[in-house]
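No sequence on hand, only this structure:
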């Protein structure tokens, strides 16, 4: 996934969501990319094309948009993509309580490493695998790997507690 400034990515997603509210069929993405400085009173003119393409890609991968079955190579009036029923329900749900966030496992792991420099590498690897599984809609795999990450972390907490109290009787009871 292309790393981009957080604000640029957010504005790109706002732009795409506003387009989808206005037009449920995307006739020509390049036209929208080229007209971003004019539509919606120019409020998205500073958003980069790559950021907008990333937003479209995230919506596609998350099932918001998909191929339009009425597409035709000899027709310029039909869109190549359309909002799916899932996308319509999500678009209608956007409000103060809900705004879409798309999972970026690479950035999440980097943020964790910088926030928690001494994080256990094994637990982190299980967690990373879980995030990638979620991104690919492999939910059972995600649950298993998240469970492994959790178990590893709990075992480390128990071990640290036993080391702190240095009580051999307690250690024998737990093990």
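It's in. Values in this document were obtained by computation on a predicted structure and should not be read as measured data.

Could you use CA atoms for every contact and neighbour count after this?
Will do.

can you tell me which residues contact residue 65?
Neighbouring residues of residue 65 by C-alpha atoms under 8 Å, 6 or more residues apart in numbering: 59, 81, 82, 83, 84, 87.

The third one: neighbouring residues, count only.
For residue 82, the count of nearby residues is 24 (other C-alpha atoms under 10 Å).

Any idea what it is bridged to?
residue 25, residue 66 (DSSP bridges).

so it makes contact with residue 63?
No: taking contacts as C-alpha atoms under 8 Å, residue 82 lies outside contact range of residue 63: 10.6 Å.

how does this structure divide into domains?
Here the domain assignment for the chain is 6-93, 105-174, based on automatic domain parsing.

among the ones you listed, which gets the worst mean confidence?
Mean pLDDT per stretch puts domain 6-93 lowest among the domains of the chain, at a mean of 79.

now that one, how far from the centre of its chain.
17 Å (C-alpha atoms, centre = their mean, to the nearest Å).

just how off-centre is stretch 140-159 within its chain?
22 Å.

For that stretch, list every residue counted as buried.
Buried positions in stretch 140-159, judged by neighbour count with 16 or more other C-alpha atoms under 10 Å: 141, 142, 143, 145, 146, 147, 148, 149, 150, 152, 153.

Repeat that for stretch 31-46.
Residues 32, 33, 36, 44, 45 are the ones in stretch 31-46 that count as buried (16+ other C-alpha under 10 Å).

Show me what the helix or strand harbouring residue 18 is packed up against.
Here residue 18, judged by DSSP states H and E, is contained in helix 6-22. If contacts are counted by 3 or more C-alpha pairs under 8 Å, 6 or more residues apart in numbering; DSSP states H and E, helix 6-22 sits against helix 49-61.

which of the contacts of residue 65 are buried?
59, 81, 82, 83, 84, 87.

I'd like those as TSV, with distance to residue 118 appended.
Compiled in TSV, the buried ones among the contacts of residue 65 are given as follows (distance: C-alpha to C-alpha, whole Å):
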residue	distance to residue 118
59	35
81	45
82	45
83	44
84	43
87	40
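
Return the closest of those residues with respect to residue 111.
Nearest to residue 111 among those is residue 59, at 23.1 Å by C-alpha to C-alpha.

And the nearest residue to the closest one once chain neighbours are set aside, how close does it get to residue 49?
Nearest in space to residue 59, with sequence neighbours left out and distances taken as C-alpha to C-alpha, 6 or more residues apart in numbering, is residue 65 at 6.0 Å. Taking C-alpha to C-alpha, to the nearest Å as the measure, residue 65 and residue 49 are separated by 18 Å.

go on, residue 105?
In terms of C-alpha to C-alpha, residue 105 sits 23 Å off from residue 49.
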